[in-house]
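Chemist: I would like to see how this sequence folds:
(chains A and B)
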Amino acid sequence: DAGITQSPRHKVTETGTPVTLRCHQTENHRYMYWYRQDPGHGLRLIHYSYGVKDTDKGEVSDGYSVSRSKTEDFLLTLESATSSQTSVYFCAIATGQGTEAFFGQGTRLTVV
Amino acid sequence: QKEVEQNSGPLSVPEGAIASLNCTYSDRGSQSFFWYRQYSGKSPELIMFIYSNGDKEDGRFTAQLNKASQYVSLLIRDSQPSDSATYLCAVNSRDYKLSFGAGTTVTVRA
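Modeler: All right, here's what the predicted structure looks like:
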């Protein structure tokens, strides 16, 4: 398995609170992605990174921010969680542009 | 228009039959195409990738790419109950994004 770890694996939080999800890799891969998965929607890209401090928005970035200060860590922050952000969040890594991505175990986030 | 679209399914096939999955994409400049399999409650796992027009075979799986039609497909031959899963098409576009379709759920009937 690719060396990719998401934390926490499960989290319940209250509406309006900030939440940070962490993706940590030991593969030294350049590309990292955050997705959310909801029934009927497949995987939707939130943000992605193509290098340290190089990030860009995906299709569902509103309400989310990211940071990547070092190669191995990609953080996803919900500044003020809402119930619509209840979802399963997946992090993925890839060696280069156009190469296959490997996924973390996922984080199940519930906003109550 | 969504960047990646898949036939909605669900798809039910008898054991031993061929399952056919289709995917279209909007960015004509896309270069890399992937099929992932996801079992319920698990992470997606890569089963095939294809970069060039034509067919690519790996065991019981065949991926087909037609860039002119912006179309990717996956055939699963001799379908087994263990192939029951959701299959996700993914496309890597020019701006580094890796976008996925909504997935097609396949059920193989014993």
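
Chemist: quick one: the helix or strand of chain B with the lowest mean pLDDT near chain A?
Modeler: Lowest on mean pLDDT, DSSP states H and E among the helices and strands of chain B sits strand B:98-100, with a mean of 91. Yes - against chain A, strand B:98-100 shows contacts by C-beta under 8 Å from any C-beta of the partner chain at B:98, B:99, B:100. All C-beta spots, glycine's among them, are computed from the backbone N, C-alpha and C.

Chemist: Sort out which one of the residues you listed lies nearest residue A:67 for me.
Modeler: residue B:98 (19.6 Å; C-beta to C-beta).

Chemist: In the sheet, which residues pair with the closest one? Tell me.
Modeler: residue B:92 (DSSP bridges).

Chemist: For it, the count of nearby residues, please.
Modeler: 25 (other C-beta atoms under 10 Å in any protein chain shown).

Chemist: can you check residue B:47 too?
Modeler: 19.

Chemist: The helix or strand harbouring it: partners in the sheet, and parallel or antiparallel?
Modeler: Under the criterion of DSSP states H and E, residue B:47 resides in strand B:45-50. When sheet partners are counted by DSSP bridges, strand B:45-50 sits next to strand B:32-38 (antiparallel).

Chemist: so for the partner strand, what's the average pLDDT?
Modeler: Averaged over strand B:32-38, pLDDT sits at 96.

Chemist: before we move on, back to that, tell me what the least confident helix or strand of chain B is packed against?
Modeler: In terms of contacts (3 or more C-beta pairs under 8 Å, 6 or more residues apart in numbering or on different chains; DSSP states H and E), strand B:98-100 is packed against strand A:31-38, strand A:42-51, strand B:85-92.
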